[in-house]
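Q: got a structure for you, letters missing:
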């Protein structure tokens, strides 16, 4: 036991910490990819109307 941390605590803390970091990175990747959702509109002709995005 070092600094009050025993094996049981580590077996619970490490997976939860890994899940938290993975969740954070997944949310950041989703935010980044949102910019590319309607990339095809970049190359399309302007039709003059305010249509909804294709997604």
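A: The structure has been received and is ready for your questions. Everything numeric here is computed off the predicted structure, so don't read it as measured data.
Q: would you list every one of the helices in this protein?
A: Along the chain, counting by DSSP state H, helices occupy 7-34, 40-43.
Q: could those helices go into CSV alongside mean neighbour count and mean pLDDT?
A: Glycine gets a C-beta too; all of them are placed from N, C-alpha and C. As requested, the helices of the chain are exported to CSV (neighbours: other CB atoms under 10 Å; pLDDT from 0 to 100):
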stretch, mean neighbour count, mean pLDDT
helix 7-34, 10, 91
helix 40-43, 9, 59
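Q: from residue 19, how far off is the nearest residue to residue 13 once chain neighbours are set aside?
A: Nearest non-adjacent residue to residue 13, counting by CB to CB, 6 or more residues apart in numbering: residue 5, 7.9 Å away. Counting by CB to CB, to the nearest Å, the gap from residue 5 to residue 19 is 19 Å.
Q: and if you look at residue 34?
A: 23 Å.
Q: check residue 36 too.
A: Applying CB to CB to residue 36 and residue 19 gives a distance of 27 Å.
Q: now swap in residue 32 and tell me
A: Taken as CB to CB, the span from residue 32 to residue 19 is 20 Å.
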